[in-house]
Every structure is written in C-alpha cells, then in structure tokens.
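**Q** Mind looking at a prediction? Sequence and model below.
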Amino acid sequence: MSEQTYTVTGMTCEHCVRSVTEEVSEIEGVTDVAVDLPTGKVTVRAVKDIDVADVRGAVEEAGYQLTA
C-alpha cells in the first residue's frame, strides 16, 4: 500500500473537489482519494507506488495545477 500527499492549486469549491477526485481515482491502482479544499492537499492511496506524472496529468485534466 502506498500513500502520497500533493498540493493542488486553483480549487475553490466542492465541484473542484469532485473533479479532482474523479480524475485521480481513474489512475490504475488508486484505491482512495481525499481532497482537503481549504489547504489544497490531495492524499492518494494506492495498491502500488503511483508516478507523480500520472497524478499531475489527472489533476491537469480536471483543470487544476499540481504544485508539490
């Protein structure tokens, strides 16, 4: 099991949270996505290590930016 936390910018509402959650959840191996809107923190749990490029791509597909 793997868990990584990232910072996403540009999220301002619950719709943003749902968009990011949906896109990141589609990455192969991801089992859970938790988004904290006030801090912009996105915690991704997966059955294997997930490449940060995959997370970045999913976040950008949702319309936001991964900063860390």
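**A** Done, it's in.
**Q** contacts, neighbours, all on C-alpha from now
**A** OK.
**Q** Low-confidence stretches in the chain?
**A** For the chain, the stretches with pLDDT under 70 are 68.
**Q** May I see the buried residues of stretch 23-42?
**A** Neighbour counts over stretch 23-42 (16 or more other Cα atoms under 10 Å) mark 23-25, 27, 30-31, 33, 35, 37, 40-42 as buried.
**Q** from those residues, which two are the most distant?
**A** Ile27 and Leu37 (20.7 Å; Cα to Cα).
**Q** count of residues packed around Val55?
**A** Residues lying near Val55 (other Cα atoms under 10 Å) number 20.
**Q** Hmm, I typed the wrong one, I wanted Asp51.
**A** By the criterion of other Cα under 10 Å, Asp51 has 9 neighbours.
**Q** same deal with Val59?
**A** 22.
**Q** Now it. Nearest residue, chain neighbours left out?
**A** Ranked by Cα to Cα, 6 or more residues apart in numbering and with sequence neighbours excluded, the top spatial neighbour of Val59 is Val20, at 5.8 Å.
**Q** all strands in this structure, in order from the N-terminus.
**A** Here the chain has its strands, by DSSP state E, at 2-9, 30-36, 41-46, 65-66.
**Q** Could you export those to CSV, including columns for distance to Val59?
**A** What follows is those, written out as CSV (distance: least, Cα to Cα, whole Å):
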stretch, distance to Val59
strand 2-9, 8
strand 30-36, 12
strand 41-46, 10
strand 65-66, 6
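**Q** so which of the ones you listed gets nearest Ala58?
**A** strand 65-66 (9.4 Å).
**Q** Each with direction, which strands does the closest one pair with?
**A** strand 2-9 (antiparallel) (DSSP bridges).
**Q** buried set for the partner strand?
**A** Neighbour counts over strand 2-9 (16+ other Cα under 10 Å) mark 3, 6, 8-9 as buried.
**Q** May I have it exported as PDB, CA atoms only?
**A** What follows is strand 2-9 as a C-alpha-only set of coordinates in PDB (Å, rounded to 0.1, in the frame of the first residue of the first chain):
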ATOM      1  CA  SER A   2       1.200   3.500  -0.900                       C
ATOM      2  CA  GLU A   3       0.100   6.900   0.300                       C
ATOM      3  CA  GLN A   4       1.200  10.200  -1.100                       C
ATOM      4  CA  THR A   5       0.100  13.800  -0.500                       C
ATOM      5  CA  TYR A   6       0.200  16.500  -3.100                       C
ATOM      6  CA  THR A   7      -0.700  20.200  -3.200                       C
ATOM      7  CA  VAL A   8      -3.200  21.300  -5.900                       C
ATOM      8  CA  THR A   9      -3.900  24.900  -6.700                       C
END
